[in-house]
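Trainee: Dropping a prediction and its sequence here:
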Amino acid sequence: MIRSMAFLLCGSIALTAVAQDAKPTAVLSGIDNPCGIAVQGATGHIFIAAHSGVHRFDPKSGKAHVEISGFPTDIYGKGPKYNVGPLGLAFWDDEHLIVGDGSRPDGDELVRIFKVGKDAVHKDHEPIKEGAAVATLGPIKASEESAKGEGNFYGVASNGKSIFITCNGDDTKGWIAKSTAANGKPGALKLSIATKVATEVDAPVPVIFSLDGKDLVVGQMGEVSTPPGDSLLSIYDPETGKLKKNYKTGLNDIAGLAYSPKTKKLYATDYSWSDPKAGGLFRLDIDGDAIKAVKIASLDKPTALAFDKSGVLYVAVFGTVPEGSDKPAGSLVKFDSGL
Amino acid sequence: MNFLPRCFGLLLCAMFAALVASDAISADPPLGLPSVPVPSDNPMTAEKIALGKQLYFDGRLSADNKVSCASCHDPAKGFSNGDRFATGVEGKKGGRSAPTVINTAYGTLQFWDGRAKTLEDQALGPIQNPIEMNLTLDAVIKKLNGINGYKTQFKKVFGTDGATADGIAKAIAAYERTVISGNAPFDRFKAGDTKALSEAAQRGQKLFFGKAHCSACHAGPNFSDNSFHNVGVGMDKKDFDKGRADISKLAGDTGAFKTPTLREIAKSGPYFHDGSAKTLEEVVDHYAKGGIPNEWLDEEIFNIKIASTEKADLVKFLTEGLSSPDYPDHKAPDLPK
């Protein structure tokens, strides 16, 4: 006898809506595989993590230089393959930048904190060497909780009291690591939230605080080798690590998250690894238990994003290196305030 | 845990429930599984499922009238065929193991290499494959329309003048969406029944979700991430099967195959895409060694130090924990004449 059960209709319902009217402006090009962005509140400078190091860009002068260099290289993927270095960025305070590592094997990767100061961008700037960090957190070595040890620190969030780092070492747990400050200094980096255990989906990537600072907002990328729209937006209590809400976004590979300081709206980037044409910048509209991803602009493999104080949105874009070229195709694009 | 349905579209499904025909199937899914996703253009009805089941078990859908879907996806053999490779018309052998149909309703892509996006897309493939059932669509439609019982049913279910390719695909897919296994001891244990798993199976469960690293890919309610991985199987052959890469054209997918469900795994051996592991013990040994090294080997496959007693516990979890008392032990129906 055929077993009967619940069957749900789906398939014809659009996963996302499209409202593509925002136009990006390229402000920096030739960046090699940019993965992280942070905006320095005091100066408005944009810091971009790329394979070659952490770049500082001054929107007023339009000038940029490498602020921090000397990271090793790791290779992501098995075809296509990408050279990667530092990944996630966030400011600890106005002068100290937290940098998540992607340049070493899992179990060896580090979280560094650098004093970057408020100097203007200038041509003869001597980059800070990676080893000159004022603080180093990790590594998180292999253990019962992480078979290979942790690494690929894509996302960094900080409220000046705690630092949260998304990890992509042990794919059975999908850890977010946490450092709690004591006496104004960040403490040891410890495994904190097992996102895959909570959501049954792989790969926490972006992490930010909610606008009121009470929640941790995490993008769960899901599988990259297929485009099934499996990315999640998950809300956690940063104190207890408890999962509070979990939304199926319909996005393929959520890579970045940011709230607009002006409109309070939430934006996400979709890298869409195996179907790049579907990727881009999206607005995530949440209404109770429902979420709708509205496409704002198509972008060629976007990664991180961050707003400045005035509401200008900056997005790091991987881009595609043309066949036969060895020139980096990454860029920093901006969307004028209004989003 | 507030775990939402598997796709955003499902959130709106309640809006569509009222549109389902009055004879649509509706009941709770088995413990441990979400509701089965159903495309809006192929709603489930009892008549359609019955037609699909007949087609599934009918050898007349093949050139020699001997090979049906059930020949290679046999309910008595875990909806696979018990052999290393599938056997088609005139005894022809395929190059891959027959994947189980159990819970394939939850898959986002079908076949070992994911070349079909839906069960409907999948259903017509083997019929036309020269080494499986070897019939053109025109030929199978003509055959079915020569059988009054089928012609009448297609008209009733789809409103068409007999069988069509679309109707065949939809009916078989609808039936396959009923081949579901949940409510296993694992599910009951997870739901709070502490006696549902033996102590050995509980130890195996801890290994599965921890040190043995199985849940890196065998994740979620159906124990599959619906993705593709090179797990180092068959990669020592000179002319190895490129798997997903032949479809995606991405070098990184070389030798990668879809993560199969592990539900009812005790019944669906031999294992791996090439059926090269006769037993689950061999499977566990393969993973413990880290698979056959190759440049596309998935990063989740690496040498794991695991004792022989732990291997036994792991197999115990797989066999005891994931075998349901409600196994879909479907029998062949009476076929139309």
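Mentor: Good, I have the coordinates.
Trainee: what's near enough to touch the residue nearest the centre of chain A?
Mentor: The C-alpha lying nearest the average C-alpha coordinate of chain A belongs to A:Pro206 (CA atoms, centre = their mean; 3.8 Å). Residues near A:Pro206 by CB atoms under 8 Å, 6 or more residues apart in numbering or on different chains: A:Tyr154, A:Gly155, A:Thr166, A:Val218, A:Gly219, A:Ile254, A:Ala255, A:Gly256, A:Leu257, A:Ala268, A:Ala304. Using the backbone N, CA and C atoms, a C-beta is placed for each residue, glycine as well.
Trainee: mind redoing it with 10 Å?
Mentor: Remark: with contacts taken as CB atoms under 10 Å, 6 or more residues apart in numbering or on different chains, A:Pro206 is in contact with A:36, A:88, A:154-157, A:166, A:217-221, A:233, A:254-258, A:268-269, A:303-305.
Trainee: same deal with B:Lys289?
Mentor: B:Gly232, B:Ile301, B:Phe302, B:Asn303, B:Ile304.
Trainee: In ChimeraX, select just the buried ones from those.
Mentor: Buried residues among the contacts of B:Lys289 (16 or more other CB atoms under 10 Å in any protein chain shown), as a ChimeraX selection:
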select /B:232,301,302,304
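Trainee: need the contacts of B:Lys289 in CSV with secondary structure, pLDDT and distance to chain A, can you?
Mentor: Formatted as CSV, those follow (DSSP: H, G, I helix; E, B strand; the rest coil; pLDDT from 0 to 100; distance: CB to the nearest CB, whole Å):
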residue, secondary structure, pLDDT, distance to chain A
B:Gly232, coil, 98, 13
B:Ile301, coil, 96, 11
B:Phe302, coil, 94, 7
B:Asn303, coil, 95, 11
B:Ile304, coil, 94, 7
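Trainee: what's the most distant pair in the contacts of B:Lys289?
Mentor: B:Gly232 and B:Ile304 (12.8 Å; CB to CB).
Trainee: quick one: the closest residue to B:Asn294 other than its chain neighbours from A:Lys60, how far?
Mentor: Excluding the flanking residues, the one nearest B:Asn294 by CB to CB, 6 or more residues apart in numbering or on different chains is B:Met235, at 4.1 Å. Using CB to CB, to the nearest Å, B:Met235 is found at 54 Å from A:Lys60.
Trainee: what about those two, which has more around it?
Mentor: B:Met235 (18 against 10; other CB atoms under 10 Å in any protein chain shown).
Trainee: any idea what the more buried one is structurally, helix, strand or coil?
Mentor: Using DSSP: H, G, I helix; E, B strand; the rest coil, the structure places B:Met235 in coil.
Trainee: check contacts around it.
Mentor: B:Asp241, B:Thr254, B:Gly255, B:Gly291, B:Ile292, B:Pro293, B:Asn294, B:Glu295, B:Trp296, B:Leu297.
Trainee: B:Ala277 now?
Mentor: Going by CB under 10 Å, 6+ apart, the list of residues near B:Ala277 reads B:Arg84, B:Ser97, B:Val233, B:Gly269, B:Pro270, B:Tyr271, B:Val283, B:Val284, B:Asp285, B:His286, B:Tyr287.
Trainee: residue ranges for the strands of the stretch 51-200 of chain A, please.
Mentor: A:53-58, A:63-69, A:74-76, A:82-84, A:86-91, A:96-101, A:111-115, A:128-129, A:135-137, A:156-158, A:162-166, A:175-182, A:185-194 (DSSP state E, counting those that start in this stretch).
Trainee: My error: substitute chain B in the last question.
Mentor: B:36-39, B:228-229, B:257-258 (DSSP state E).
Trainee: closest to B:Lys155 out of those?
Mentor: strand B:36-39 (21.9 Å).
Trainee: Quick one, grab the pLDDT at A:Ala316.
Mentor: What the model reports for A:Ala316 is a pLDDT of 98.
Trainee: That one contacts A:Val27, correct?
Mentor: No: using CB atoms under 10 Å, A:Ala316 is not in contact with A:Val27; the gap is 11.1 Å.
Trainee: Overlap in contacts, these two.
Mentor: Counting by CB under 10 Å, 6+ apart, the residues touching both A:Ala316 and A:Val27 are A:Ile46, A:Ser331, A:Leu332, A:Val333.
Trainee: Next, the contact list for whichever residue of chain B sits closest to chain A, please.
Mentor: In chain B, the residue that lies nearest chain A is B:Ala251 (2.6 Å; CB to the nearest CB). Residues near B:Ala251 by CB under 10 Å, 6+ apart: A:Gly77, A:Lys78, A:Gly79, A:Pro80, A:Lys81, B:Lys242, B:Ala245, B:Glu295, B:Trp296.
Trainee: If anything else comes up later, I'll come back, but that's it for now.
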